[in-house]
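> fold the following, please.
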Amino acid sequence: MDKNTENQTAEATAEETAQAPETAEAPGVEEAAEQQPQQPDPLEEAQKALKDKEKDFLYLRAEYDNFRRRSAREKTEAYSKAKADAAIAFLPVYDNLERALQHGTEDAAFLQGVEMTMNQLKQVLESLDIHPIDAVGQPFDPNLHNAVMHIEDPELGENVVAACFQTGFKMGDKVIRFAMVQVAN
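Got it, this is the predicted structure:
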């Protein structure tokens with residue numbers, strides 16, 4: 001062989017040898033990278049943890065708001081119920097004073113004392129936002145009145161309250177005692 005051919009062959013083998021380690025290492029590096037698990041990115045983990053904590057915080061905040069509203073509503077309802085229960089306990093006293101005033105007496109001082117007591121009881125009930133239900137002459141309303149009698153009276157219209165046997169009371173819009181009435185026609 002020629003010296004030129006030998007030199008060319010030697011140069012070609014040197015080039016292949018120089019390139020061979022690079023190509024031989026490349027598949028080994030890729031295989032090693034595939035075999036090793038990827039290290040999680042600490043920034044991504046921190047962002048995910050932050051989102052989870054924000055979500056937990058929002059749920060906790062919503063639960064607290066619901067608890068606060070429910071507690072306030074229950075407190076208001078408990079106060080209203082206690083107020084209505086206390087008023088109901090005093091209504092028999094109101095009824096007795098009303099009967100005493102309707103019965104009348106010749107003793108002016110006694111009558112004046114009963115009237116003063118009745119006025120004071122009415123003021124106390126009004127301060128608690130408890131008002132009597134108007135009944136006589138009003139149209140019968142089953143949401144306000146309890147009909148215990150029925151009469152025929154040509155002077156009164158149909159379903160008009162003719163008489164009230166027991167005064168009914170409302171606290172705000174809530175009926176705490178229905179009026180016992182007599183309904184005409």
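> give me the number of residues near Val175?
Counted with other Cβ atoms under 10 Å, residues neighbouring Val175 total 17. C-beta: built from backbone N, CA, C; applies to glycine.
> quick one: pLDDT of the nearest residue to it once chain neighbours are set aside?
Leaving out its chain neighbours, the residue that sits closest to Val175 by Cβ to Cβ, 6 or more residues apart in numbering is Leu144, at 6.2 Å. Turning to Leu144, the model gives it a pLDDT of 95.
> what about Leu144, distance to Arg68?
35 Å (Cβ to Cβ, to the nearest Å).
> which one of those two has more residues nearby?
Neighbours per residue, other Cβ under 10 Å: of Leu144 and Arg68, the larger number sits with Leu144, 18 against 10.
> so who does the more buried one touch?
Residues in contact with Leu144 (Cβ atoms under 8 Å, 6 or more residues apart in numbering) are 133, 135, 168, 170, 175, 178-179.
> next, work out how far apart it and Leu125 are.
In terms of Cβ to Cβ, Leu144 sits 17 Å off from Leu125.
> burial measure for Phe178, as a count.
Phe178 has 19 neighbours, counted by other Cβ under 10 Å.
> sec struct for the residue nearest to it when sequence neighbours are not counted, please.
Of all residues beyond its chain neighbours, the one nearest Phe178 is Asn146 (4.2 Å), with distances taken as Cβ to Cβ, 6+ apart. Of the three states, Asn146 takes strand according to DSSP: H, G, I helix; E, B strand; the rest coil.
> Asn146 and Val181 touch, don't they?
Yes - between Asn146 and Val181 there is a contact at 6.9 Å, judged by Cβ atoms under 8 Å.
> got a pLDDT number for Glu34?
For Glu34, the pLDDT comes out at 58.
> specify the beta-bridge partners of the residue nearest to Phe178.
Taking DSSP bridges as the rule, Asn146 bridges to Met180.
> count the residues that sit near it.
Asn146 has 14 nearby residues by other Cβ under 10 Å.
> mind listing what it touches?
Counting by Cβ under 8 Å, 6+ apart, Asn146 touches 168, 178-181.
> let's go with 10 Å and repeat that
165-166, 168, 175, 177-181 (Cβ atoms under 10 Å, 6 or more residues apart in numbering).
> next: Gln182.
Counting by Cβ under 10 Å, 6+ apart, Gln182 has contacts 135-136, 140, 145, 147-151, 153, 161-165.
> now with 7 Å?
Residues near Gln182 by Cβ atoms under 7 Å, 6 or more residues apart in numbering: 148-149, 151, 162-163.
> likewise for Ser71?
Here Ser71 is in contact with no residues (criterion: Cβ under 7 Å, 6+ apart).
> SS state for it?
Following three-state DSSP, Ser71 is assigned to helix.
> and if you look at Lys170?
With three-state DSSP as the criterion, Lys170 reads strand.
> what's the burial count for it?
Counted with other Cβ under 10 Å, residues neighbouring Lys170 total 17.
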